[in-house]
Structures are given as C-alpha cells and as structure tokens.
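Participant: Give me coordinates for this.
(one chain, ligands or ions: 1)
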Amino acid sequence: MYQHYARPGPEEGGEATGHAVAIFNMTRDSRRAQVMDINTDYQRLWGGAREEWVGATPNVVEQEAANQQILAQLHDVLNTSVEHAFEGIGGREVSRRHDGSCRHIEWRITAMGAHQHDAITLVLTQRDVTDQVENEAQLKRLATTDMLTGLVNRSQFDTMLKSELSRQDRYARPLSLIMLDIDYFKDINDRYGHDVGDQVLVEIANLLKGNLRQVDYCARWGGEEFMLLAPETPLEHAVLLADKIRCVINTASLPTSGPITASFGVVEAQPQEAVKSIMKRVDDALYVAKEKGRDQVSPIELVTSTRFA
Ligand SMILES: Nc1nc2c(ncn2[C@@H]2O[C@H](COP(=O)(O)OP(=O)(O)OP(=O)(O)O)[C@@H](O)[C@H]2O)c(=O)[nH]1
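Facilitator: Model (predicted):
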C-alpha cells in the first residue's frame, strides 16, 4: 500500500506549485486524523471549501476504505517509530478527482515536528503524475512494439521467450515455438510495390493475432518473419496450430492476385534449454521447410543433420 521514504529527494524539500497540501494531526492513542489546513490545490483536487475540510479526515486517496487503511498504517508506523525517526510514507494511486476524472496521484506524508502532547502534525503532499505515467507507458509501447504491424517487436519477444522458458522449466510444462516466413516475399514487393508488401504484412499479422489463444505470443521477428510462442502446447499440437495458420494464410483474401504462402519451423522447448539453442533449432526447422519446397510445416524431428552436422 505504501512505502517508507529512505530520504527526501532534492526537489522534495518544499511545497512546489501544483502540489496539493493538507496539514493534519494525529494522536498516539487514536487513529483519527484531522485536517488543520489545506491549500487551494488540495481544494482543486478534492473539491469542497477550506472550512469544510478543517477538522475532517484528509483524503490521501479517494477510496474511503483504502484511505482508512493508509491512515491506520500511518498510525502504526508513527507509534513504532523512534522519536524523530519517521521519514515519511508515500505511494502512487489512481484516484477520482472531485470533477470525476481519474488521475494518477503521487502522495507522501511527512512529519512537521515531533510528537507534542501525544499528537503529531503531519504534511500530506499530492502531485498529479498522470501525464508522466502516460508518457512512460507510451515510451514503453514504442520500445516494445513493431510500428508497422502493432505486434510486439523482436527485443520484447526475446524477453517473453526468456521468461516463458524459465516458467516452463519451473513447472515442467510444454512450450512450443513456431517461426514462420512468408514465401517469395521479395517477389510480392517487386510485383506490387512496397506499400502493398506492407499491407500484406499487416494483414498477415492480423490473421496471426486472430488465430491464436489469448495466452499465446506473437511477434514480428523482422522483415517477413514472425514468431509464435505457445505455452502449454506440446510439439504435436503446435504442428497442428502451424498448419491451421498455414491454411488460413493460403486462403486469405490479400491485396495480391494469387494466394500467398508461408513456411513454418516448429520446435518444443527442451528442459533447461537456452534461448540461443531453441532459436537455432527453430531456424533450422524453418530452413528445412523452405528447402523442401515452402508452403509447409517442418517440426524439429524432420530436421536432418545434413546442414548443421
Ligand atoms: N514491404 C516490405 N518488405 C519488407 C519489409 N521488411 C523486409 N521486406 C522485404 O522482404 C523481402 C525478403 O526477401 P527474401 O529474404 O529474399 O525472402 P523471400 O523473397 O520471402 O524468399 P523465401 O523466404 O526464400 O521464400 C525483401 O525484399 C525485403 O526488402 C517491410 O517491412 N515491408
């Protein structure tokens, strides 16, 4: 719910503009918190007149139960802190402002002085960090998404694969990886132009998304290559899945005159297998599908040692 502040940061010393502030007190024997004063930004955030707030319980967060819980925890921390040792608590929550809008509010509570007559005066500071949270989310999306297709990109897929491999090891569950590559994609670009090529990639990405389970992962690996990761799926089922997608692509109505085909490599993760190893095996399997004439699925058992022996 909240965290202790180790030490105030450099910009956290005073009441910066745009910070909602409430000064309140709390007594040792009761969990009751009573507002002594508020600033206008606090009024802007929570509504109400200053006179209504004085004597009322401060709003750390909007939700009544969560607010009570924070104040109860604050009381416990204050009662167990050695005198002068309370460095503050804080957190970040989504709260509804008085105007009805939902905002990310960062808050912290620090002491204004030591206990006096068993009461302590505290300062609640709140800052609207919604823009910052949304910018961070947008940056994360940009860093992990392939801009053309909207699928996750290669580096994000690497992270997912690593984590799924360790989960598969931890719980000894099957996990399969499918790599697919559109056949003769260069010809599509050459014949219809790069824009149509891009459109084909987008439509195939949508077909992939539409034919996978929610728990499966789908990424654009680069160019005309895609990766599918299917948790809880042994090799035989992954081969069936790959073949279903192969047929879907074959029969899809795409912005080209003839059908488009794709080749598939399929492998199931081995116990304790490293990312590098499974990637090499799936790439080898795809190579076999291409060598055998394309428009087909090649599971790892069919990979002969001729190329890599
Ligand atoms: N339109 C478009 N083309 C791309 C994109 N990325 C890669 N390509 C093209 O994809 C083509 C891949 O060609 P190749 O690697 O020769 O493979 P291929 O023609 O599909 O042949 P096979 O894989 O052997 O069946 C190249 O012409 C690349 O320029 C992209 O984002 N958009």
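Participant: C-alpha only now, for contacts and for neighbours.
Facilitator: OK.
Participant: How about the residues of the stretch 201-309 of the chain by the ligand?
Facilitator: Neighbours of the ligand within the stretch 201-309 of the chain, by Cα under 6 Å from any ligand atom: Gly223, Glu224.
Participant: now with 8 Å?
Facilitator: Within the stretch 201-309 of the chain, the residues that sit near the ligand (Cα under 8 Å from any ligand atom) are Leu201, Gly222, Gly223, Glu224, Ala262, Ser263, Lys290, Arg294.
Participant: Hmm, Ser155 and the second one touching each other?
Facilitator: No: the criterion here is Cα atoms under 8 Å, and Gly222 misses it with Ser155 at 10.5 Å.
Participant: Neighbour count for those two, which is higher?
Facilitator: Ser155 (15 against 12; other Cα atoms under 10 Å).
Participant: ok, that one to Pro299 distance?
Facilitator: 24 Å (Cα to Cα, to the nearest Å).
Participant: Phe24 too?
Facilitator: Note on Phe24: its distance to Pro299, by Cα to Cα, is 67 Å.
Participant: Can you show me the strands along this protein?
Facilitator: For the chain, applying DSSP state E gives strands covering 3-4, 20-27, 33-38, 89-96, 102-111, 119-128, 175-182, 217-222, 225-231, 262-268, 297-299.
Participant: Give me the distance from the fourth one to the chain's centre.
Facilitator: Read it as strand 89-96. The chain centre lies 19 Å from the centre of strand 89-96; the measure is Cα atoms, centre = their mean, to the nearest Å.
Participant: Quick one: neighbours of Val129, just the number.
Facilitator: Using other Cα under 10 Å, Val129 has 17 other residues around it.
Participant: what sits against it?
Facilitator: Val129 makes contact with Arg103, His104, Ile105, Glu106, according to Cα atoms under 8 Å, 6 or more residues apart in numbering.
Participant: count of neighbours near the last one?
Facilitator: The local packing count at Glu106 equals 20, with neighbours defined by other Cα under 10 Å.
Participant: So what sits opposite it in the bridge?
Facilitator: Taking DSSP bridges as the rule, Glu106 bridges to Arg92, Arg127.
Participant: This completes my enquiry, with thanks.
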